[in-house]
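Undergrad: Turn this into a structure:
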Amino acid sequence: MKKIFLLFLATRALAGDVVPMLEIDLSAKPKPVSPILYGLMTEEINYSYDGGLYAELIRNRAFLDPSRSKEIPNWSLDLKAGAQGAIRVVDTTPLTDKLPNSLEVEIQSAGADKPLRVINNGYWGIPIKPDTTYRVSFYVRGNPGTWNRELKKNDVEPFSGNLDVSLENADGSIVYAKATSPAVNKQWQKMELTLKTGSDVKPTTDGRFVISVKNPGKIWLSLVSLFPPTYKDRQNGFRIDLMEKMLAMKPKFLRFPGGNYLQGDRLWERFDWKATLGPLPFRSGHQGCWNYRSTDGMGLMEFMTWCEDLGAEPILGLYAGYSLKQQYVEPGPLLEYYVQDALDEIEFLTGDAKTSYWGALRAKYGHPEPYKLKYVEIGNEDQYDKAGTYDARYAQFYDAIKARYPELQVIASCRAVKSRKPDIVDDHFYKKSEWNFKNLDYYDKERRGEGYPKVFVGEWATVESSWTVKDDSIPPTPNFGAALSDAAWMTGLERNSDLVVMHCYAPLFVNVNPRGRQWSTNLIGYNNLESYGSPSYYAWNLFANHVGDVTPPSKLETAENVQLPHSVTRDSVTGKTFVKIVNPSDKPQTVRINLNGATEVGKTGKLETLSASSPNDTNSITEPTKVTPVTSPLQIPGTSFDQTLPPYSINVLEFTAKTKP
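TA: Model (predicted):
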């Protein structure tokens with residue numbers, strides 16, 4: 001880790017008594033700041049959806065997860081009470097053609113005092129909270145029995161009776177909540193129950209969900225579901241704490257559904273939006289590209305609800321005929337199916353409910369009004385297409401979309417496009433801190449103007465180690481050293497926000513349980529009960545919550561070998577000014593700030609500081625707020641003043657500075 005901070009240590013002392021000088025020219029013509037500069041990127045990685053934001057607590061709820069042994073993933077049978085029986089996954093009694101598997105439960109002997117118990121442990125345990133109501137639903141059918149005409153009686157008795165459902169601790173010695181279903185019959189029926197925990201229950205991550213059977217016979221289970229309270233109490237909804245953490249970021253856009261998740265490893269494993277519509281019994285799910293299966297409980301409409309709840313612009317990723325295992329669709333007639341699929345998707349979101357087939361289907365599924373859509377992205381990271389087909393594929397999508405939807409902004413997933421000028425190009429950066437500090441001016445010299453596209457930095461993060469996880473001793477979320485680097489990089493994006501119209505950190509989420517992480521560093525961590533923001537999360541919030549609509553010219557002069565990354569934005573109407581300065585040194589730094597062209601400056605302001613005693617300091621499940629911002633008053637004596645920045649700190653100065661009309 002010491003090598004990571006060589007750049008920081010090289011900036012320890014200022015040369016002589018030279019005081020760094022930040023000149024801000026408020027009288028010069030400023031550049032505009034993109035109104036949607038700060039946003040979010042998401043995809044199914046690190047159990048971000050299933051086991052993360054998507055609040056479903058039952059894992060392998062439709063019995064479709066692949067198994068390499070005779071065990072059923074995340075399901076088990078408890079016979080400790082003395083019952084006899086067995087469970088197995090079968091495809092002989094499908095609930096729907098999309099959910100062909102069910103769990104066959106054979107109860108050879110059981111009773112009120114010796115129930116057979118079917119267990120699901122969820123995603124690293126079922127989270128139990130006090131005074132909480134959980135929604136349970138599942139489909140069940142009982143054995144209809146076998147009638148012997150000659151004997152005029154059943155050779156096999158039909159199943160009859162009720163089922164008990166409960167939330168328990170790991171060994172079943174404590175029952176937190178319990179409910180009983182109506183009687184089971186021989187047809188598939190949906191059971192819906194609630195489980196309410198008491199106010200004296202101690203929170204734990206180590207609970208389990210239990211279905212108990214007291215009568216002999218056979219039953220089949222499908223689509224077993226357990227939801228805690230969700231954000232805005234939505235059915236099939238989201239975790240409240242994760243939604244609140246995103247809302248605190250004030251995101252202006254959300255890029256979805258990925259990422260690699262959009263593409264899939266193979267063509268048939270892509271995000272097929274049509275397969276994610278409608279009731280859950282008709283969503284089969286699909287294999288994801290990070291070694292686990294997606295339920296598709298978070299489908300296209302759930303993503304759009306997510307955007308609406310955040311007040312964020314949707315940035316819709318469209319599958320463009322290229323998957324990660326180098327499978328691609330030749331441009332031309334073969335690609336037309338996927339081009340039409342993209343047009344159908346746009347129509348589903350934006351079409352009129354009365355005149356459009358896809359718009360009418362959207363209305364049927366609960367959203368009569370068209371969604372607002374301004375941006376679509378063609379593919380994801382198509383520079384990795386070794387066949388070099390992206391230029392032609394992009395042109396085919398671009399022409400079809402612009403012909404029908406000329407108002408849409410069409411984003412290229414990389415710069416390998418020559419035949420068409422994209423409205424926006426998507427750049428991705430996963431770099432070490434040393435690279436970030438050396439490239440703060442990366443976009444300063446980028447060509448601008450009518451003939452050149454705008455830029456979307458659709459994925460970026462400071463990554464000191466390998467992208468994928470090879471060392472579990474490395475924390476799943478960044479430390480403060482990475483946050484300093486991230487903040488420094490953001491100053492360059494903000495200074496160039498006339499060109500860089502959007503940017504977002506990636507990945508957004510990580511489940512911190514063992515084997516829950518696939519990517520080395522991530523913004524927000526959680527287990528099944530709690531969540532926390534990393535130091536980089538708080539750095540992001542400082543930037544996104546303190547930004548104006550213009551950026552005036554500014555220049556910071558320092559002694560040689562001293563770096564103090566900075567950016568300045570202003571609200572052109574109120575004159576509120578935001579000065580952001582990063583001090584990566586282990587020594588305090590004093591900066592003289594000159595507000596050239598200011599006619600009036602407020603005498604007081606606000607200083608927000610994110611700092612740590614060491615770059616290795618970080619947040620975690622056990623120490624979620626070790627590194628968080630501190631707010632203090634700011635005294636402004638005039639148009640020129642000195643400000644001392646603590647060691648290892650990210651600083652936002654907020655004050656009012658007015659200029660001549």
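
Undergrad: What residues sit buried inside stretch 604-618?
TA: Under the neighbour-count criterion of 16 or more other Cβ atoms under 10 Å, stretch 604-618 has 605, 607-612, 615, 617-618 buried. For the C-beta atoms, the positions are set from N, CA and C on the backbone; glycine is no exception.

Undergrad: which one of the residues you listed is nearest S640?
TA: Taking Cβ to Cβ as the measure, S640 lies nearest G605 of the buried residues of stretch 604-618, at 14.6 Å.

Undergrad: ok, the closest one to N583 distance?
TA: As judged by Cβ to Cβ, to the nearest Å, G605 and N583 stand 18 Å apart.

Undergrad: L221 now?
TA: Applying Cβ to Cβ to L221 and N583 gives a distance of 58 Å.

Undergrad: Which one's more surrounded, these two?
TA: Higher neighbour count among L221 and N583: N583, with 27 against 24, using other Cβ atoms under 10 Å.

Undergrad: so what's I58 scoring on pLDDT?
TA: If you check I58, the pLDDT there is 98.

Undergrad: That one and F209: what is the separation?
TA: 6 Å.

Undergrad: same question, Y337
TA: Relative to F209, Y337 is positioned 41 Å away (Cβ to Cβ).

Undergrad: More neighbours: the two, which one.
TA: Between Y337 and F209, counting by other Cβ under 10 Å, F209 is the more crowded of the two (23 against 10).

Undergrad: Give me the residues contacting the helix or strand harbouring that one.
TA: Using DSSP states H and E, F209 sits within strand 204-213. Residues from elsewhere that reach strand 204-213 (Cβ atoms under 8 Å, 6 or more residues apart in numbering): 57-58, 78, 83, 85, 105, 107, 110, 115-122, 124-128, 138, 161, 163-170, 172, 176, 219, 221, 224, 226, 527-529.

Undergrad: give the contact list for F641.
TA: Shown in contact with F641 (Cβ under 8 Å, 6+ apart): 592-593, 635.

Undergrad: ok, back up a step: ok, of the contacts of strand 204-213, which come out buried?
TA: If we count by 16+ other Cβ under 10 Å, those have these buried: 57-58, 78, 83, 85, 105, 107, 110, 115-122, 124-128, 138, 161, 163-169, 176, 219, 221, 224, 226, 527-529.

Undergrad: Enumerate every residue touching the closest residue to G122 other than its chain neighbours.
TA: Among residues not flanking G122 along the chain, L57 sits closest, at 4.9 Å (Cβ to Cβ, 6 or more residues apart in numbering). By Cβ under 8 Å, 6+ apart, the contact set of L57 is 122-123, 126-127, 134, 209, 226-228, 528.

Undergrad: Of these, which belong to strands?
TA: 126-127, 134, 209, 226-227 (DSSP state E).

Undergrad: Could you list the domains of this structure?
TA: Per automatic domain parsing, the structural domains of the chain span 2-32+548-658, 75-229.

Undergrad: Going by mean pLDDT, which of those comes out lowest?
TA: Among the domains of the chain, domain 2-32+548-658 scores lowest, with a mean of 90.

Undergrad: so how far is that one off the chain centroid?
TA: 30 Å (Cα atoms, centre = their mean, to the nearest Å).

Undergrad: That'll do, ta.
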